[in-house]
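In: Give me a 3D structure for the following:
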Amino acid sequence: MNYDTLQFYNAALGIVAGAGAAALSFRLIPPLSPAFRTRRLLALTLRDLRRLAMGRGPNIWEGHIHARLSAMPDEATPLQRAYLLAAMSVGSEIIRLRHIAHRLGLSRNLDSALAAVAEGKSSIATARLMHLDEALARLAVPELEVVQGRSSVLTLFEALTKHAAYFNGEARR
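Out: From the prediction side, this is the model:
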């Protein structure tokens, strides 16, 4: 076994200099403003929600949103927090309603409403959701599935109506 002192000190100097440069760069580069971080979190959530509405969303929707809620700066307004919570609720209801609509044979009705959500047209989506609710009300199937489906539709309707400004906005990054 050979010990090369010059190589050891060269590697040690590289590690120490790299760590020092990294620490210095954190002091020189300013952190992102809380307003910018909040806008970015909301835009990413809206983009992911639209992907979920198109059927290509993340499998762990609530985990993503919980992580974003915890990353939300303290300076965020209550309305911005409400937007994030509404998006979490809408995403969870979309997932639940997809399963119910598939079992009841109403996937086509749901897909048309979710297409409007994906395009950022909440007024069209709410109208289509009301048609889905009427279709659910006409079904003669076990009552529990119908009630769950209708409650999901009403939750989506309320969130899309109350926070239309957010859901109709652009999902920029």
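In: now the strands for the chain?
Out: With strands called from DSSP state E, the chain shows none.
In: Give the residue spans of it that score low on pLDDT.
Out: By pLDDT under 70, the low-scoring segments of the chain are 57-58, 171-173.
In: can you give me the helices in it?
Out: 5-28, 34-53, 61-71, 78-104, 107-118, 122-138, 143-162, 164-167 (DSSP state H).
In: would you list these in CSV and tack on mean neighbour count?
Out: From N, CA and C alone the C-beta is placed, and that goes for glycine too. As requested, these are exported to CSV (neighbours: other C-beta atoms under 10 Å):
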stretch, mean neighbour count
helix 5-28, 9
helix 34-53, 18
helix 61-71, 14
helix 78-104, 18
helix 107-118, 19
helix 122-138, 18
helix 143-162, 18
helix 164-167, 18
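In: Return the distance of the closest residue to residue 76 other than its chain neighbours relative to residue 69.
Out: Once flanking residues are discounted, residue 76 sits nearest to residue 38: 4.6 Å by C-beta to C-beta, 6 or more residues apart in numbering. According to C-beta to C-beta, to the nearest Å, residue 38 stands 11 Å off from residue 69.
In: Check residue 102 too.
Out: 29 Å.
In: Same check on residue 161?
Out: 22 Å.
In: center of the protein - which residue?
Out: residue 45 (3.3 Å; C-alpha atoms, centre = their mean).
In: wait, what's in contact with that residue?
Out: 64-65, 68, 83-84, 87 (C-beta atoms under 8 Å, 6 or more residues apart in numbering).
In: Max pairwise distance over the residues you listed: which two?
Out: 64 and 83 (14.9 Å; C-beta to C-beta).
In: now do the same end-to-end measure for stretch 99-111.
Out: Chord length of stretch 99-111, first to last residue, is 12 Å (C-alpha to C-alpha, to the nearest Å).
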